[in-house]
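1. Mind folding the following:
(2 chains)
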Amino acid sequence: MTAVARSYAVGLVGLDGHLVEVEADLAQGLPGLTVIGLPDAALAEARDRVRAAVVNSGQPWPQRRITLALSPAWLPKRGSGFDLALAAAVLAAQGVVPADALSGRVLLGELGLDGHVRAVRGVLPAALTARSAGIERVVVPLDNLPEARLLPGITARGVGSLRDLVLLLTGEPYDETLPPAAPRLPLVQPDLADVVGQVPGRTAVEVVAAGGHHALLLGPPGSGKTMLAERLPGLLPRLSLEEALEVTAVHSVAGALPDDQPLVELPPFQDPHHTATVASVVGGGSGIARPGAASLAHRGILFLDEAPEFPARVLDALRQPLESGRLTLTRVGGTAVYPAAFTLVLAANPCPCAKPDSACSCPADTRRRYLARLSGPLLDRIDMHVEVPQITRAEMLADAGHVETTAVVAARVAAARRRAAVRYAGTPWRSNGQVPPVELRRRWPVPRSSVRDVDQALELGHLTARGYGRVLRLAWTLADLAGADVPGPEHVGHALTFRLGSAVGRLAA
Amino acid sequence: MSDEEQLRALLALSRVTEPGSRSVHRAVQSRGAGAVWEALRRGRPCPPVSPALQAAATARAEGYDPAGDLARLERCGGRLVHPGHPEWPAERLDWPDGVLHDAPPLALCVRGPHSLTDVAARSVAVVGARAATAYGAHVAGELSRALAERGAAVVSGGAYGIDAAAHRGALDAEAAPTVAVLACGVDVAYPRGNDRLLARTAQQGLVVSELPPGSTPTRARFLVRNRLIAALTLGTVVVEAAARSGSLATADRARELGRHLMAVPGPVTSALSAGCHALLRDGATCVTRAEEVLDLVGVLGADAATPLRGPTSVRDELSETVRRVLEAVPVRGGAGEAALARDAGVSTLVVQQVLPPLLVHGLVERTPLGWRLTALGAGRPTR
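-> Below is the predicted model:
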């Protein structure tokens, strides 16, 4: 009987994985079980789960002094995902399964007392860690198998119980069929054609999607701000496999992956309510911080409806990800870095009373203060100030012939994004919204004949110098959408609309 | 009594009594500031000042150091302008007792590099709502800039909204000075958000108050201050005012003082223009351009407005497409992008490309109901 056996698992700190070696030692002495190597509470409880699961699976439990060591010892280890590796190490130490079956395999999974294997979070980033550590074989809970199979270069096996694991490791066949997934409802994406009578709003979301510009939608209730924002994900191109894996990894760590959808293929849409806390929006929690809505919106849309109602601390906390595209969260248990390259869309009523313009009788300062909550560094990073007008009946009738479906607009957006990608090849940027205005003006100058109107707007005081840079950036997106090589006067003229005359524009100036 | 003592007494009186008190003003006129201050300080009766007012003043005079206020005023670069001072605009401020509910100021604290009497001689008040719309702020700014360029000083109250837009517009012209009349001390930045605007006004224009330095604004002081704005100027223009706006108080004072009263019309749907429209119904003069203001208040001939002939320079360069869109924009009400596209026979994209530059040039404007022509855009000579 071997006294020592080894198995492998993965410990996650945020999205960062570390290969963890589990050693089991069976020694003479009073029967008992000790887990060492910085386990947290859930992991320390693994002692009882593992013992019960092994015994209830009809396997022998050694009447020895058992020491289970997880190394590297300095790495804090959290959660129940180590159960499978712990059980396997004990079984191998007794010779129930061959010890060499454990080398070159990463085992992930939580055990129930009866020996069945439960799904765990973070399977995708864990499998990624295994792959980069040179381990190609991964054993995961059966329910997580579709997620683990996403990754090329990995041979993933699923086990439904500890008994299955023993059969797998001893080379016997077992039942690996997935439980039938609930029939997947066809994903109904809301269509842009529903927003009738709102030409400027529809154009605005098209520009947001094409250029990745952050936007503020300002308009009275009922003008369609929320409808417009909800239609944005459908306008964005589908995620590439690489992007999808990135996004899926974050959702996996957050435990936010739907059962029937192992891979997040569509750009995510997150709309936290305005009572949300800082921790829920940017991420947080004790020990190791978990990702928040901002990271779940990575490569997608973060939509804050009634933005002035959000606590100032939440809005301020968004400045780092807007700047760097990631969030660094340090807690006692370690520092987690989550990606957070989202497009921010804010919506606001002009007044907290939320009545149409003519019915609002709020005192002078109320309206001013309401929007002033948004002013400052956050607004500096927002290219588009969109005045979403009240929808009138006359306009709805006139607009009926102009509406375009999401599919039509999305095709235009994709073409515009390709144009921008070609232009920015070899630079760190991908879309117009990312290019610093100074660089844009230096490297891709706009012809003088195109900027007459915007020059005049600057001279007349309608625009600030910052607004000027933003107008040019937006003009590039409008030119990309039109298939033009450089912005013409019509594109610059159009772009002006996103910086003119809005109440918030004046605050941000 | 020396000049220095006279100044101290005036500042002391403005400290211990509220501005605009008619009995205090009468007492000062008949007995001199020094004697009134002496009486109030010592708690002696000082008719026609009522015993209650005298007791309140005496209580406030307790431990007061008259030299301190004067030093403080000088420290912030201010001076005290009083009746008899060369800068005192006597023909504006010395209205007979009873014309207004409140008396003229005892003296004025003034900061800035201009003579108050010279500036007041050719000045117009531009006032309005604090919660101004984009339209109101735009009109106030453009009007004030044009007034300043034509040599008229723009007087306003230093508040947010229309007031701030008026001061900014006038400062941007870098021509005639602008005057901020405050309801607090001239060294107090109120509202806080306008502190830089007020500092700029003190450098390039004038900041005026009848309260001693360091005073804080109160509701009553705002109302009393409004009479100064109306009195100092040849006429008052109300740009945007809701039905019960403080700027309507300024308008009332202007009327009572026999000054010209003007109002800028707004969308009839806008609650923020309701006050202006009420003024227009009551006989205020409708103005839309600086020329029209100067036509009314200015010296006849020199300032007479030339009839509007349309924006020749801008319009002549308009392309056929732009012209068609512009023709589709209604004069009243408003129209959305789709309606304009239908009426002009172009795509909604073209409409969206054409309108913003027209907005910059002041030919069209955005209202809650959609796009509409401005006065400038509507005054088209040929169709």
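2. Just give the closest residue to residue A:37, not the sequence neighbours.
-> residue A:70 (3.4 Å; Cβ to Cβ, 6 or more residues apart in numbering or on different chains). In this view, the C-beta of every residue, glycine as well, is placed from N, C-alpha and C.
3. Flag every buried residue along the helix or strand hosting the one you found.
-> If you go by DSSP states H and E, residue A:70 is part of strand A:65-71. By neighbour count on 16 or more other Cβ atoms under 10 Å in any protein chain shown, the buried set for strand A:65-71 is A:66, A:67, A:68, A:69, A:70, A:71.
4. how close does the fourth one get to residue B:40?
-> Separation of residue A:69 from residue B:40 (Cβ to Cβ, to the nearest Å): 90 Å.
5. do the same with the fifth one
-> Counting by Cβ to Cβ, the gap between residue A:70 and residue B:40 amounts to 86 Å.
6. SS state for residue B:240?
-> Counting by DSSP: H, G, I helix; E, B strand; the rest coil, the backbone at residue B:240 sits in coil.
7. what do you get for the one 3 residues further on?
-> When classified by three-state DSSP, residue B:243 comes out as coil.
8. Identify, from the buried residues of strand A:65-71, the entry nearest to chain B.
-> residue A:70 (58.0 Å; Cβ to the nearest Cβ).
9. Please verify my assumption that that closest one contacts residue A:18.
-> No: using Cβ atoms under 8 Å, residue A:70 is not in contact with residue A:18; the gap is 10.5 Å.
10. any common contacting residues for these two?
-> Residues touching both residue A:70 and residue A:18 (Cβ atoms under 8 Å, 6 or more residues apart in numbering or on different chains): residue A:11.
11. follow-up on the earlier one: and the furthest pair within the buried residues of strand A:65-71?
-> Greatest spatial distance among the buried residues of strand A:65-71 (Cβ to Cβ): A:66 and A:71, at 16.3 Å.
12. quick one, what contacts residue A:268?
-> Listed by Cβ under 8 Å, 6+ apart, the contact set of residue A:268 reads A:233, A:247, A:251, A:296, A:297, A:298, A:299, A:300, A:301.
13. Model confidence for the fifth one, exactly?
-> Model confidence at residue A:297, expressed as pLDDT, equals 93.
14. What residues does chain B have near chain A?
-> Within chain B, the positions lying close to chain A (Cβ under 8 Å from any Cβ of the partner chain) are B:129-131, B:133-134, B:137-138, B:141, B:160-161, B:172, B:269-271, B:335-339, B:341-342, B:347-357, B:359-361, B:366, B:368-370.
15. Just the buried ones from these?
-> Applying 16+ other Cβ under 10 Å to the residues of chain B next to chain A, the neighbour count classes B:129-131, B:133-134, B:137-138, B:141, B:160-161, B:172, B:270-271, B:335-339, B:341-342, B:348-357, B:359-361, B:366, B:368-370 as buried.
16. What segments of the stretch 101-250 of chain A are strands?
-> A:105-107, A:110-111, A:117-118, A:137-141, A:155-159, A:215-218 (DSSP state E, counting those that start in this stretch).
17. Redo those strands as a markdown table? Include distance to residue B:82.
-> Formatted as a markdown table, those follow (distance: least, Cβ to Cβ, whole Å):
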| stretch | distance to residue B:82 |
| --- | --- |
| strand A:105-107 | 90 |
| strand A:110-111 | 87 |
| strand A:117-118 | 88 |
| strand A:137-141 | 89 |
| strand A:155-159 | 92 |
| strand A:215-218 | 49 |
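18. looking at the ones you listed, which is closest to residue A:431?
-> Nearest to residue A:431 among the strands of the stretch 101-250 of chain A is strand A:215-218 (13.4 Å), distances taken as Cβ to Cβ.
19. ok, the closest one: who's next to it in the sheet?
-> Applying DSSP bridges to the sheet, strand A:215-218 is found paired with strand A:343-348 (parallel), strand A:384-387 (parallel).
20. any chance of those strands in JSON lines, plus mean neighbour count and distance to residue A:464?
-> Converted to JSON lines, these look like this (neighbours: other Cβ atoms under 10 Å in any protein chain shown; distance: least, Cβ to Cβ, whole Å):
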{"stretch": "strand A:343-348", "mean neighbour count": "25", "distance to residue A:464": "19"}
{"stretch": "strand A:384-387", "mean neighbour count": "26", "distance to residue A:464": "12"}
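21. Going by mean pLDDT, which of those comes out lowest?
-> strand A:384-387 - the lowest mean pLDDT of the strands paired with strand A:215-218, at a mean of 90.
22. Toward the C-terminus from it, list the very next helix or strand.
-> Next along from strand A:384-387, by DSSP H and E: helix A:393-399.
23. list the helices and strands that next one packs on?
-> With contacts defined as 3 or more Cβ pairs under 8 Å, 6 or more residues apart in numbering or on different chains; DSSP states H and E, helix A:393-399 has these neighbours: helix B:337-344.
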